[in-house]
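Engineer: here is my input; please provide its structure:
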Amino acid sequence: MECNEATLEGTAKEMKEDIESTVNQYVDSVVNTEMEKEFMRYATLENPKTTLGKLVSKAFKTFKEWWDKTKKPEIAEKAKTSILQKLRESQAIVDQRKEQQVPNLNRNNLRPER
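Structural biologist: Just a heads-up that it's a prediction; the model follows:
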């Protein structure tokens with residue numbers, strides 16, 4: 001199989017486009033994360049001074065009140081149920097492993113030899 005210059009240039013161009021796409025996705029992710037941090041900084045201000053700060057802070061407080069009354073109990077119950085289920089499953093695995101490691105003792109094994 002022969003590699004010619006056009007094939008190499010095409011491959012290099014594709015690699016460059018892939019790298020640029022990956023870099024752009026990373027940059028977008030960083031920018032969005034910083035935007036979310038800035039929003040939360042405004043949202044949690046106790047006494048915002050700017051119009052934007054007041055708007056965001058009020059909207060967040062309203063959202064949080066709604067969340068605490070309606071969604072939080074539902075999500076908390078689901079999380080608790082999930083955690084308890086995982087704990088039960090883990091305990092069952094531990095119990096099963098213990099049973100496999102300990103020899104099965106029954107009444108016949110507990111009688112003294114004659």
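
Engineer: CA only for contacts and neighbour counts going forward, please
Structural biologist: Fine.

Engineer: now the spatially closest residue to residue 61 that is not a sequence neighbour: how far from residue 65?
Structural biologist: Leaving aside its sequence neighbours, residue 61 sits nearest to residue 43 (C-alpha to C-alpha, 6 or more residues apart in numbering; 7.7 Å). Remark: distance between residue 43 and residue 65 (C-alpha to C-alpha, to the nearest Å) = 13 Å.

Engineer: still on that earlier bit, residues touching the residue nearest to residue 61, list them.
Structural biologist: 53, 56-61 (C-alpha atoms under 8 Å, 6 or more residues apart in numbering).

Engineer: rerun at 6 Å
Structural biologist: 56-57, 60 (C-alpha atoms under 6 Å, 6 or more residues apart in numbering).

Engineer: residue 17 now?
Structural biologist: Going by C-alpha under 6 Å, 6+ apart, residue 17 touches no other residue.

Engineer: which element follows the helix or strand harbouring it toward the C-terminus?
Structural biologist: Using DSSP states H and E, residue 17 maps to helix 5-43. Next along the chain after helix 5-43, taking DSSP H and E as the criterion, comes helix 51-66.

Engineer: and the residue nearest the centre of the chain, which of the three is it?
Structural biologist: Residue closest to the average C-alpha location in the chain (C-alpha atoms, centre = their mean): residue 79, at 13.1 Å. Under DSSP: H, G, I helix; E, B strand; the rest coil, residue 79 falls in the helix class.

Engineer: from residue 24, how far out is it?
Structural biologist: Distance from residue 79 to residue 24, counting by C-alpha to C-alpha: 35 Å.

Engineer: please apply the same query to residue 95.
Structural biologist: Taken as C-alpha to C-alpha, the span from residue 95 to residue 24 is 50 Å.

Engineer: now swap in residue 69 and tell me
Structural biologist: 40 Å.

Engineer: repeat for residue 101
Structural biologist: Distance from residue 101 to residue 24, by C-alpha to C-alpha: 54 Å.

Engineer: when those two are compared, which one has more neighbours?
Structural biologist: Between residue 101 and residue 24, residue 24 has the larger neighbour count (other C-alpha atoms under 10 Å), namely 12 against 9.

Engineer: before I go, just wanted to say thanks for your time.
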